[in-house]
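J.: Okay, sequence plus prediction incoming.
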Amino acid sequence: MNLLHLKYALEVASSGSINKAAEKLEIEQPNLSRSIKELETALGVSIFSRSSRGMKVTVEGEEFLKYAEKILKQVDYVENMFRKDYAEKKKFSISVPRASYICDAFSSFAESLPHEEGFEIIYRETNALRAIKNIMEADYNLGIIRYAEQYDKYYKDMMENKGLAYEFITDFHYTLLMNEKSPLADLDEIHFSDLMDKTEIAHADPYVPYLPLSEVKKEELPVMEKRIFVFERASQFELLAKNTDMFMWVSPVPVSTLKRYGLIERVCEENRKTYKDVMIYKKDYRLTELDKSFITELCRVKRGLFGIKTFS
């Protein structure tokens, strides 16, 4: 198998077009097409489906490209390992829930990165299932997953089966996040009934592996007539900052973030469901100095918001 063909296939997948990929690779389009065909023939599968709208990766192609990317990374590593002037980049990768206290810790961690050394940092906000898949399939080193306490046994059994170590970070009740000028802010106590005429901003991908998404929405969030699902946490905060009739359920938010967006937190005593944040990684993985530095910042921020609970 020609390693150059692997590189070509990855570029075609990224570009979605033979012509665009040929331009980026600086080769003739017919030569690129022939190389992709030779690769598919050697594999005995179609990596791409072709149409007038471009090249789309097939199911088999997705599986192959995952391995192709890993192979090329390993080849690059081996080549660089024997270069006298090569200094390996320090790497850190983590998938996390959309939580302001984790983001705050990550920002402090980023400030502490050594300026005189190379590094590669990946920080992805997503749901629990994707965080687990990123560690198992996408070479992420760390993950933080969030789930309702009622699913504790399910997640622990899953992590044991997948060979993942897990460490408790903290547990909490969701609080209400809103514009500081929201009518809700003036109430002495807030009940579910006070929320019914308001618009809820919610994460777009809550997920419990064995439940349909529709059921998760019912279980995780009170039934609301008006709800906006948004993936990006910054966009969620922008919506709250500009709309006084919106609210969001959140884990505790650092004061600096509240001030930045003109937001406040309020407790709703009726919402007593407990959630857990848990750090995960492969059992045979050894924490790096960057990992330990991030965990130190996470513990510092967490203590300020949640008290003295520590990693178990």
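T.: Perfect, thanks for sending it.
J.: Next, residue 248: secondary structure please.
T.: strand (DSSP: H, G, I helix; E, B strand; the rest coil).
J.: Can you get me a residue count around it?
T.: Here the count is done by other Cβ atoms under 10 Å, and residue 248 has 23 residues near it. C-betas here are computed from N, CA, C, even on glycine.
J.: That one is in contact with residue 203, isn't it?
T.: No - look at residue 248 against residue 203 with Cβ atoms under 8 Å: they stay out of range, at 9.0 Å.
J.: Quick check, residue 55 in contact with residue 48.
T.: Yes - between residue 55 and residue 48 a contact is recorded at 4.4 Å, counting by Cβ under 8 Å.
J.: Which neighbours do the two have in common?
T.: Taking Cβ atoms under 8 Å, 6 or more residues apart in numbering as the contact rule, the neighbours common to residue 55 and residue 48 are 12-13.
J.: between those two, which one's more packed in?
T.: Shown here are residue 55 and residue 48; by other Cβ under 10 Å, residue 55 has more neighbours (23 against 19).
J.: List the beta-bridge partners for the more buried one.
T.: Taking DSSP bridges as the rule, residue 55 bridges to residue 50.
J.: need the contact list for it.
T.: Shown in contact with residue 55 (Cβ under 8 Å, 6+ apart): 12-13, 15-18, 48-49.
J.: 6 Å instead, please
T.: For residue 55, the contacting residues are 12, 16, 48, by Cβ atoms under 6 Å, 6 or more residues apart in numbering.
J.: Give me the subset of those that lies in helices.
T.: With helices taken from DSSP state H, the overlap with the contacts of residue 55 comprises residue 12.
J.: Name the nearest of the contacts of residue 55 relative to residue 303.
T.: Looking at these and their distance to residue 303, the nearest is residue 16, at 46.8 Å (Cβ to Cβ).
J.: Nearest residue to that closest one in space, please, no chain neighbours.
T.: Of all residues beyond its chain neighbours, the one nearest residue 16 is residue 54 (4.7 Å), with distances taken as Cβ to Cβ, 6 or more residues apart in numbering.
J.: residues near that neighbour, how many?
T.: Neighbour number of residue 54 under other Cβ under 10 Å is 15.
J.: Domain-wise, how is this structure divided?
T.: Domain assignment for the chain, taken from automatic domain parsing, gives 3-81, 90-171+275-306, 175-272.
J.: a markdown table for those, including mean pLDDT?
T.: Compiled in a markdown table, those are given as follows (pLDDT from 0 to 100):
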| stretch | mean pLDDT |
| --- | --- |
| domain 3-81 | 87 |
| domain 90-171+275-306 | 91 |
| domain 175-272 | 83 |
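J.: What separation do you get for residue 168 and residue 153?
T.: 14 Å (Cβ to Cβ, to the nearest Å).
J.: Counting neighbours, go ahead and name the busier of the two.
T.: A count of neighbours by other Cβ under 10 Å puts residue 168 above the other of residue 168 and residue 153, at 14 against 9.
J.: Could you look up the SS state of that one?
T.: Assigned by three-state DSSP, the conformation of residue 168 is strand.
J.: any chance you could map the helices in the stretch 101-250 of the chain?
T.: Using DSSP state H, counting those that start in this stretch, the helices of the stretch 101-250 of the chain run over 128-137, 152-161, 192-195, 213-220, 233-242.
J.: Which parts of this structure are strands?
T.: Using DSSP state E, the strands assigned to the chain run over residues 48-51, 54-57, 90-96, 119-125, 142-148, 164-173, 175-179, 199-203, 227-230, 246-250, 263-266, 274-282.
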